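K.L.:
Return a 3D structure for these sequence lines:
(2 chains, ligands or ions: 2)
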Amino acid sequence: MWGFSSEMRVMAATSRKTTGTRAKSTSRSRGGAAKASPAIIEFDKEQELAAYRHMLLIRRFEEKAGQLYGMGLIGGFCHLYIGQEAVVVGMRMASKDGDQMITGYRDHGHMLAMDMDPKGVMAELTGRRGGYSKGKGGSMHMFSKEKQFYGGHGIVGAQVSLGTGLGFANRYRENGAVAMTFFGDGASNQGQVYESFNMAQLWKLPVIYVIENNKYGMGTSVERASATTDLSQRGASFGIPGEQVDGMDVRAVMAASEKALEHCRTGKGPYILEMITYRYRGHSMSDPAKYRSKDEVQKMRTEHDPIEQVRKRLLDNEWASEDDLKAIDKKVREIVAESAEFAQNDPEPDASELYTDILL
Amino acid sequence: MPIEILMPALSPTMEEGTLAKWVKKEGDSVTAGDVIAEIETDKATMEVEAVDEGTIGKILVAEGSENVKVNTPIAMLLGEDEDASALDSASASAPAPAPAAKEEASAPESSAGPEAAPVYAQPVAPAPDDAQDPDIPEGTAMKTSTVREALRDAMAEEMRRDGDVFLMGEEVAEYQGAYKISQGLLDEFGPKRVIDTPITEHGFTGLGVGAAMAGLRPIVEFMTFNFAMQAIDQIINSAAKTLYMSGGQMGAPIVFRGANGAAARVGAQHSQDYASWYAHVPGLKVVQPWSAADAKGLLKAAIRDPNPVVFLENEILYGQSFEIPDMDDFVLPIGKAKIERKGSDVTLVSWGIGMTYATKAADELASQGISAEVVNMRSIRPLDIDTVIASVKKTGRLVTVEEAYPMCSVSSEIGFQVQQLAFDWLDAPILRVTGKDVPMPYAANLEKLALPTVAEVIDAVKAVTYTD
Ligand SMILES: Cc1ncc(C[n+]2csc(CCOP(=O)(O)OP(=O)(O)O)c2C)c(N)n1
Ligand SMILES: [Mg+2]
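P.N.:
Ligands and ions are numbered 1, 2, ... in the order given. Okay, the predicted model is just below:
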């Protein structure tokens, strides 16, 4: 396994000098008060390769999870992150060790991006004792305090207040860390989101609110659920700056994240990033996704796929050959296969675990 | 080896389905993510995507087949360097579908029979049996304190002791508390640690729980617990369940405190006792103090406790004075009841403001020659049923007293446990005196009728002791 922290430290030392920025707009055009969109950071070879590997790991992991679900090895609800990989990988490439992440139930990608062990994540999905929560949390409820991943929450919107609390703790301790708080377009209509926005700006808490706008909350499109659809401006009445970002382009995500992180770290309070993204699969495994056309999905896949974009740049720049990429793919598949293997063979939790971990 | 493509389960409950359509044919090459087939479940038609790369070598289940069991091989996928000949060797050894993991799961032995006693969540290390009020050293002076002062002193002492403890809530800082509980705290600890929040219960409760997950020790004050209803999701789903859902990695050391239960003449929306609501939930501790000593000793314990603690105060008790030991560090154990008065004819069990009725009734009964033992529960979860049982084994009779609604109340639970654990010692049915089963009325006379009375407690005792 490779880890983000180590890789990124090496890169940070080399990349910043060589990568210029280009003022190419990546956001959807919006009128009026919309903020200027961030420039794309041009990646160097190492960054492109890292982005490629990490996004591919998430993609292959999720495909495998889907397969294990199909075999009855994963139960209940299982929400896949396929299509949205660039969001979490770009954020993680910009963040530092010590920054926290918290999200909802579509959380597998976030955990892999936080360097959590794919074996432990997959084993939690199958409800085995080697899972991150000893099999007692499942797909939607997983945590790693060690890796600064605070879950994994099943109640839409709850993580937004909790993430604001992580930011509160950062400020209380003056530790310089930022709480990256992820939620969906659907969640962005919950009341506690606005209660949190208000307190975060009032107390200048270091929180980035990352709205992963994948255009649907279950079967309801943003247009059918939201009176205003530019979600980046949802903090406007609290004075929280926000911008829309092409969440399918990992470079745009990283550029926007760097800016937002800097804003938070310099004591200016919270920041909103609306990542325009797309989920290829249904809401959860049992959703046939009849509320959208096949063409819509196909168009995103063929024209905007976050992994294909990086792959193409790697080949065009001759930074990697087809064979090099095949080798990466092979390595990723090995990691995923190993995690699936572990998740199937690891025993279920001992019956005695039923009554543990309720109180300390 | 060719890879088998299995009939997938496409919902939490699917066991079989119809293979409606093959999108790919034999000989087609596929990459991961390609739709290969459509499957009809009882609810919907779903697409099946390839997980691996290769060529469809053979279709094993024809289009239109119904009742195809989950995990049946439906096609064979050939790898990069394989051709159709690889199929022959594979089909010979086609394995049986992998059994679903859940079939192997067996229920733990301990929870088997219906007659087994319920198991309630207890701390990992059981509280030592001798956990009593700490011995008050010989010669310790007692001092008079209101419940209000006791609560304030408890917070101040704990905030001096631990820099991670902070207080947040509406009007707690500059206004000194809506009920003046946090008097002087802003002066001593400053605005970083005594924080006025906007009126935003759901949000600031979630924020407090998040800060606790990050290791701080918040005290979240609700102006009254009626307003915590807006935040109950965060208390239960986030604070109480995270330790379990994280396999013990992280929980929320947090105290939720404030006025609970009926005040006076504030009507239905501001007059409710939530003890049984929170006591229902594993992962929470629930404390309901009566005296100033309870308030101080238990709040200090709650702040130090690594678990989420719901601390239910009562506005009417805030101004009442009690004797309290004048000690540097007076901490009471959570989960331990106190026998406030010894007696032999009947056991009166109560907690919080219910103790007011119980103690007055005991005085009155004494003058009539009936000796009542009065147990102050102090904590609701964990519930010190042992102390109740020991008393009932002595008296043979039990009356519980509380202000909450009767249905699914704490009394219901105590009554249930006592009949289960001390059936043979009971000489009469267990009775309970509770608030009436109505929203709290405003009119003075109706409000009186809706609350328990000392007379009702006395009547109940006479009924179980068969005296008149
Ligand atoms: C409070 C609450 N209401 C409803 C649900 C059921 N639910 C789960 S996910 C979801 C849709 C959320 O959509 P969105 O926020 O856009 O996130 P996405 O699934 O697209 O990542 C709903 C309604 C829930 N889990 N919690
Ligand atoms: Mg969505």
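
K.L.:
List the buried residues for the helix or strand containing B:K394?
P.N.:
B:K394 is part of helix B:385-395 when elements are defined by DSSP states H and E. Neighbour counts over helix B:385-395 (16 or more other C-beta atoms under 10 Å in any protein chain shown) mark B:I385, B:T387, B:V388, B:I389, B:A390, B:S391, B:V392, B:T395 as buried. No exception for glycine: its C-beta is placed from N, CA and C like everyone else's.

K.L.:
What sits closest to the first one if chain neighbours are left out?
P.N.:
Take B:I385 and drop its neighbours on the chain: the residue closest to it by C-beta to C-beta, 6 or more residues apart in numbering or on different chains is B:Q417, 5.0 Å away.

K.L.:
Need the three-state assignment for that neighbour.
P.N.:
What DSSP: H, G, I helix; E, B strand; the rest coil gives for B:Q417 is helix.

K.L.:
now B:W290
P.N.:
coil.

K.L.:
related to what we said a few turns ago, just checking, what packs against the helix holding B:K394?
P.N.:
When contacts are defined as 3 or more C-beta pairs under 8 Å, 6 or more residues apart in numbering or on different chains; DSSP states H and E, helix B:385-395 sits against strand B:346-350, strand B:372-376, helix B:410-422.

K.L.:
For ligand 2, find the nearest of those.
P.N.:
Of all the helices and strands packed on helix B:385-395, helix B:410-422 sits nearest to ligand 2, with 41.6 Å by C-beta to the ion.

K.L.:
what angle separates the closest one from helix B:385-395?
P.N.:
Interaxial angle, helix B:410-422 versus helix B:385-395 (axes from the mean of the first three to the mean of the last three C-alpha atoms, to 10 degrees): 70 degrees.

K.L.:
ok, back up a step: what is the rounded mean pLDDT of the helix holding B:K394?
P.N.:
Averaged over helix B:385-395, pLDDT sits at 98.

K.L.:
continuing past that helix, what's the next helix or strand?
P.N.:
strand B:398-401.

K.L.:
chain center to that next one: distance?
P.N.:
The chain centre lies 23 Å from the centre of strand B:398-401; the measure is C-alpha atoms, centre = their mean, to the nearest Å.

K.L.:
Quick one: mean pLDDT for it?
P.N.:
Here the mean pLDDT over strand B:398-401 is 98, rounded to a whole number.

K.L.:
Where does the stretch 1-150 of chain A get nearest to ligand 1, which residue?
P.N.:
In the stretch 1-150 of chain A, no residue comes nearer to ligand 1 than A:R106, which is 4.4 Å away by C-beta to the nearest ligand atom.

K.L.:
Secondary structure element holding B:R257?
P.N.:
Going by DSSP H and E, B:R257 is in strand B:255-259.

K.L.:
Summarise which helices and strands that strand is packed against.
P.N.:
Packed against strand B:255-259 by the contact rule (3+ C-beta pairs under 8 Å, 6+ apart) you find strand B:217-224, helix B:292-304, strand B:309-313.

K.L.:
Need the contact partners of the second one.
P.N.:
This points to helix B:292-304. B:133, B:145-147, B:149-151, B:153-155, B:157-158, B:162, B:165, B:217, B:219, B:255, B:257, B:285, B:287, B:289, B:309, B:311, B:313, B:320-325, B:329-334, B:338, B:376, B:378-379 (C-beta atoms under 8 Å, 6 or more residues apart in numbering or on different chains).

K.L.:
list the contacts for B:E373?
P.N.:
B:E373 makes contact with B:I339, B:R341, B:K342, B:G343, B:S344, B:V346, B:T347, B:L348, B:S391, B:K394, B:T395, according to C-beta under 8 Å, 6+ apart.

K.L.:
Now with 6 Å, please.
P.N.:
The contact partners of B:E373, by C-beta atoms under 6 Å, 6 or more residues apart in numbering or on different chains, come to B:K342, B:G343, B:T347, B:S391, B:T395.

K.L.:
Distance-wise, check it relative to chain A.
P.N.:
29 Å (C-beta to the nearest C-beta, to the nearest Å).

K.L.:
Helix, strand, or coil at B:E323?
P.N.:
Following three-state DSSP, B:E323 is assigned to strand.

K.L.:
swap that for A:M101, please
P.N.:
Following three-state DSSP, we place A:M101 in the strand state.

K.L.:
Quick check: chain neighbours aside, which residue is closest to it?
P.N.:
In space, and not counting its chain neighbours, A:M101 is closest to A:M180: 4.9 Å by C-beta to C-beta, 6+ apart.

K.L.:
Many thanks, I have nothing further to ask.
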